[in-house]
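# sequence and computational prediction follow.
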Amino acid sequence: MRFAVLGSGSQGNGTLVASGNTLVLVDCGFSLRETERRMALLGVHPAQLKAVLVTHEHADHVHGVELLSRRYNVPVYLSQGTHSGLRKPVLPARLVHCGDAFDLGDLHVRVVGVAHDAREPTQYVFSDGKRRFGLLTDLGSWCSKVMNHYSGLDALMIESNHCRDLLAGGPYPYHLKRRASPTIAATCSRAGLTRTT
């Protein structure tokens, strides 16, 4: 099994996971052109994708999903909550639920429910029968269920780019600062930073 991070952060997220002839993309937070460019750097093409698995509806995880799916006829897997929160709706190949397990070619996929400020966020653990790889992005908090799914992995990719000081002082819009941290919203208010539209 192989994996490669196309990008991680508020400007876009995407991770490729492969085993044998199966290639999947978890999230597509970049434009189609940028996704194609980043994949080309790794010697792969979107037409090779077996599926796109979406973790949640925030733009940095779904910006390019609809166009990628439509342009290359790539099936999309996501939760009902995530689907209902999309600005650019897609026709899902499968609605996934916490605890689901299914096969995509040479990959076995386990769906893990997580805490995050989204409608029905999920994460994924992959297995090829020999190795297990887990992906955790935008994890609000952990619990024993999450820990059980992610124990005994051969590899784990964690996105951990939250910094209260950078968020409070950075160029992010007020609504994002408020959503990401109530204490930052209070700090912004006291500092005279106002909502931008």
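Perfect, thanks for sending it.
# surely Val96 meets Glu120?
No - taking contacts as Cβ atoms under 8 Å, Val96 lies outside contact range of Glu120: 9.3 Å. C-beta here means a position set from N, CA and C on the backbone, and glycine is covered the same way.
# isn't His45 right next to Arg37, touching?
No - contact status for His45 versus Arg37: not in contact, 11.2 Å apart, counting by Cβ under 8 Å.
# hang on, the earlier thing: which residues do Val96 and Glu120 both contact?
Ser79 (Cβ atoms under 8 Å, 6 or more residues apart in numbering).
# now the nearest residue to Leu95 once chain neighbours are set aside: how far from Arg94?
Spatial nearest neighbour of Leu95, excluding adjacent residues (Cβ to Cβ, 6 or more residues apart in numbering): Gln80 at 5.1 Å. According to Cβ to Cβ, to the nearest Å, Gln80 and Arg94 sit 11 Å apart.
# quick one: contacts for the residue nearest to Leu95?
Contact partners of Gln80, counting by Cβ under 8 Å, 6+ apart, are Leu95, His97, Glu120.
# and those residues, which are buried?
Glu120 (16 or more other Cβ atoms under 10 Å).
# hang on, His56 packs against Leu86?
No - at 10.0 Å, His56 does not count as touching Leu86 under the criterion of Cβ under 8 Å.
# quick one, domains of this structure?
2-158, 164-197 (automatic domain parsing).
# would you list these in a markdown table and tack on mean pLDDT?
Output for the domains of the chain, formatted as a markdown table (pLDDT from 0 to 100):
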| stretch | mean pLDDT |
| --- | --- |
| domain 2-158 | 91 |
| domain 164-197 | 57 |
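# now the strands for this protein?
2-7, 14-19, 22-26, 51-53, 76-79, 94-96, 101-104, 107-113, 122-127, 132-136, 155-158 (DSSP state E).
# what comes up buried for stretch 135-155?
Neighbour count says stretch 135-155 has Leu135, Leu136, Thr137, Asp138, Leu139, Val146, His149, Tyr150, Leu153 buried, by 16+ other Cβ under 10 Å.
# and it, end to end?
For stretch 135-155, the first-to-last residue distance is 9 Å (Cα to Cα, to the nearest Å).
# off-centre distance for it?
With Cα atoms, centre = their mean, to the nearest Å as the basis, stretch 135-155 stands 14 Å off its chain's centre.
# picking up where we left off before, any common contacting residues for His56 and Leu86?
Joint contacts of His56 and Leu86 (Cβ under 8 Å, 6+ apart) are Val62.
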